[in-house]
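1. Sequence first, then the predicted structure:
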Amino acid sequence: MRRSSLGVLVSILLASGPASLAQDLSPAEKKLAQTVDARLGDEMAALEKVVNIDSGTFNTVGVREVGRFFEKELQGLGFTTRWLSMPDAMHRAGHLVAERVSAKPLGKRVLLIGHMDTVFEGQGHRFQNEGGVIRGAGVIDMKGGDVVLLFALRALEGAGLLKGATIRVFLTGDEENPGLPTSESRRDLVAVAKESDIVLSFEPALVAGTIVLGRRGQSAWSLDVTGAQGHSAYVLRPRGGAGAIYETSRILEGFRAAFSAGNVTVNPGLFLGGTDVAYDATKGAGTSAGKWNVIARTVTVKGDLRALDDAEREAAKARMREIAATSLPKTSAKLEFEDVYPGWPTTDGNRSVLKIINAVGHALGQPPLTEADPATRGAGDSNFVAFLSVADGLGVKGEGFHAPDESVDPTSIGPATTRAAVVIARLLHPTN
Ligand SMILES: [Zn+2]
C-alpha cells in the first residue's frame with residue numbers, strides 16, 4: 001500500500017511550515033514512520049496470512065499455528081520465545097510469550113498484549129481486500145492489532161531501538177473464551193506483567209477516536225433455590241410455603257431493584273425451575289421438569305455481575321447475598337460466585353499513558369483520542385494486568401466485532417503501526 005497523494009501533499013505542507021507537527025518527531029522517530037510506510041505491503045501480506053489460518057478459541061491446532069507464525073517473526077527480531085501450555089482438561093491452545101530483557105533497561109519495561117484466537121470456530125471468512133475494506137475472520141478482533149504490534153517491533157528493531165530495552169509480548173490463545181479458572185489460565189500473564197511497568201494492548205477501539213483505559217470486571221454467579229415440593233393447592237399458605245420459583249422471583253426482583261442504575265450490572269442469563277432440573281455447564285444448557293399442580297422444588301439460575309473494581313464488586317456480592325438470604329417460607333437459597341475477570345479501574349497511571357499516545361498522535365498529525373467509558377465494553381485480558389498502567393484499543397479501525405462480516409479500514413493500519421512504534425520508542429528510551 002502506498003500513501004495516498006493527499007497524504008503526501010499533507011506531509012509536504014506539514015514539513016514545510018514553521019509550526020510543522022512533524023517537528024515534534026525526532027529524526028529517529030521520522031525514520032520509524034518511513035520504515036512502517038515502506039513495509040505496508042509486507043504488513044498486509046502478514047495480515048492475510050494469519051487471517052487465513054482458522055483459529056477459533058477451541059481450534060487449538062489453528063491457534064498454535066498462528067502462534068508459530070508470530071513466534072518465528074519475533075525470534076527474528078531477537079526475542080526469546082516460549083509456549084505456555086494449558087492443562088489438557090481446559091481444551092485451550094496456550095499462550096505465546098516473547099521477551100527481550102536488558103539487565104539495566106533505560107526506560108520503562110513494556111508489555112505488549114494481543115490474542116491469537118477468534119470468536120469464530122470452523123472455517124471463517126477468508127481474507128479479502130476489496131473496495132477499500134478488508135474482511136476476514138478475526139481481521140479486526142484482533143489479528144489486525146497483532147500485526148500492528150509485530151510491524152511496530154520490526155520498525156523498532158530495524159532502527160536499533162530494541163537494544164538495551166526490556167520488552168515483552170504476550171499473545172493469549174483463549175481471549176474470546178478464557179479457560180477457567182482464570183486464576184490458572186491467566187497466571188502466567190499476571191506473572192509476566194509483574195516484571196513490566198506499562199502495558200499496551202492492541203484490541204480495536206470499539207468507538208472511533210477513543211482509547212480504553214478501564215473496563216469492568218466480570219464474575220459469574222449461580223443461584224440454587226430449594227422449596228418444599230407439594231400440592232399446589234397450598235402454595236403461599238403455611239402448609240405449602242412459597243416454592244422455589246416464587247422465592248427465586250423474589251430474589252431476582254430484589255437484584256433488579258438494587259442494580260437498575262450505577263456502575264454495577266447483574267444479569268440472570270439462564271433460569272431452570274420445577275420439580276427437577278439438570279444443568280450442563282459445558283454446553284450452557286439444561287432441562288427442567290415440573291407440573292402445574294405441584295409446588296416447584298428447585299431452581300437454578302446462572303448469571304453474571306460486572307463491576308469496575310474489587311470494592312464495588314464485593315459490595316455488590318454482599319448486597320446480593322443479603323437479598324437472597326431473606327427467604328420466603330419453606331425455601332432456602334444458595335448463591336455462589338466465581339470471579340472471572342478482575343475490574344480494571346481507570347487510574348492516573350493509565351491516563352499518563354494516554355498523554356504519551358496523544359503526544360505521539362499529535363506529532364504524527366493524528367486526531368487526539370479520548371478515554372472510552374469503562375462501562376461500554378466487556379472485559380478482556382487487559383483486566384488481568386490492571387495493577388500496571390494500561391492502555392488498550394491501539395489496534396486497527398473497523399466494524400463488526402464478533403460478527404461474521406467484521407472488517408478493517410486498510411488506511412488505519414499504517415497510522416496505528418507508526419503510532420505504536422513511536423509510543424514504544426518513547427517508553428523504552430525516554431531521553432530520546
Ligand atoms: Zn479481542
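-> Noted; the coordinates are in hand.
2. Whichever strand or helix holds residue 112 vs the ion: in contact?
-> Using DSSP states H and E, the element containing residue 112 is strand 110-115. No: for a cut-off given as Cβ under 5 Å from the ion, strand 110-115 has no contacts with the ion; the smallest distance is 5.6 Å. Just so you know, the C-beta spots here come from the backbone N, C-alpha and C atoms, and that holds for glycine as well.
3. chain center to that strand: distance?
-> When distances are taken as Cα atoms, centre = their mean, to the nearest Å, strand 110-115 is centred 11 Å away from the chain's centroid.
4. What parts of the chain come near the ion?
-> Counting by Cβ under 5 Å from the ion, the residues of the chain that sit close to the ion are 141, 142, 203.
5. helix or strand right after the strand holding residue 112?
-> Going down the chain from strand 110-115, the next helix or strand is strand 128-130, by DSSP H and E.
6. What strands line up against that following strand, and which way round?
-> Sheet pairing of strand 128-130 (DSSP bridges) gives strand 133-135 (antiparallel).
7. What is the neighbour count of the one residue in the stretch 151-300 of the chain that gets nearest to the ion?
-> Scanning the stretch 151-300 of the chain for the residue nearest the ion gives residue 203, at 4.8 Å (criterion: Cβ to the ion). Other residues lying near residue 203 total 25 when counted by other Cβ atoms under 10 Å.
8. cool, and the one 10 residues further on?
-> A count of nearby residues for residue 213, using other Cβ under 10 Å, gives 25.
9. The residue nearest to it when sequence neighbours are not counted is in what secondary structure piece?
-> Beyond its immediate neighbours in the sequence, the residue positioned closest to residue 213 (Cβ to Cβ, 6 or more residues apart in numbering) is residue 350, lying 4.0 Å away. Residue 350 belongs to helix 348-363 when elements are defined using DSSP H and E.
10. Are we agreed that residue 301 is in a strand?
-> Yes: following the definition DSSP: H, G, I helix; E, B strand; the rest coil, residue 301 is counted among the residues of a strand.
11. Would you confirm that it contacts residue 249?
-> No: counting by Cβ atoms under 8 Å, residue 249 is not a contact partner of residue 301; they are 10.4 Å apart.
12. out of these two, which sits in the more crowded spot?
-> Just comparing residue 301 and residue 249: by other Cβ under 10 Å the higher neighbour count belongs to residue 301, 22 against 17.
13. tell me which element the nearest residue to that one once chain neighbours are set aside falls in.
-> Using Cβ to Cβ, 6+ apart and skipping residues adjacent in sequence, the residue nearest residue 301 is residue 223, 4.2 Å away. Counting by DSSP H and E, the element that carries residue 223 is strand 217-227.
14. what separates that strand from the chain centre, distance-wise?
-> The mean C-alpha position of strand 217-227 is separated from the chain mean by 24 Å, Cα atoms, centre = their mean.
15. Pull out the buried residues from that strand.
-> Within strand 217-227, the residues that count as buried by 16 or more other Cβ atoms under 10 Å are 217, 218, 219, 221, 222, 223, 224, 225, 226, 227.
16. Next: stretch 70-84.
-> Burial within stretch 70-84, assessed by neighbour count using 16+ other Cβ under 10 Å, is assigned to 70, 71, 73, 74, 77, 79, 81, 84.
17. Next, the last one: phi, psi?
-> Meaning residue 84. Residue 84 has phi and psi values of phi -100, psi 110 when expressed as degrees, to the nearest 10.
18. returning to that earlier point: average model confidence for the helix holding residue 350?
-> In this model, helix 348-363 has an average pLDDT of 97.
19. do the same with stretch 121-134
-> The average pLDDT within stretch 121-134 is 90.
20. Just the endpoints, please. Distance across it?
-> Taking Cα to Cα, to the nearest Å, the first and last residues of stretch 121-134 lie 20 Å apart.
21. now swap in stretch 274-292 and tell me
-> Between the opening and closing residues of stretch 274-292 lies a distance of 9 Å (Cα to Cα).
22. rewinding a little: show me the two of the buried residues of stretch 70-84 that sit farthest apart.
-> 77 and 84 (19.7 Å; Cβ to Cβ).
23. so how far is residue 57 from the most centrally placed residue in the chain?
-> Taking Cα atoms, centre = their mean, the centroid of the chain lies closest to residue 380, which sits 2.6 Å from it. Summarising the geometry, the distance separating residue 380 from residue 57, computed by Cβ to Cβ, to the nearest Å, is 13 Å.
24. Overlap of the contact sets of the two?
-> Applying Cβ atoms under 8 Å, 6 or more residues apart in numbering, one finds that residue 380 and residue 57 are jointly contacted by residue 175.
25. Burial check on the residue nearest to residue 213, number of neighbours?
-> Once other Cβ under 10 Å is used to define contacts, residue 350 is seen to have 24 neighbours.
26. In the stretch 301-432 of the chain, which residue sits closest to the ion?
-> The stretch 301-432 of the chain approaches the ion most closely through residue 380 (6.2 Å), counting by Cβ to the ion.
27. Now the phi/psi pair for that residue, please.
-> For residue 380, the backbone dihedrals are phi -150, psi -170 (criterion: degrees, to the nearest 10).
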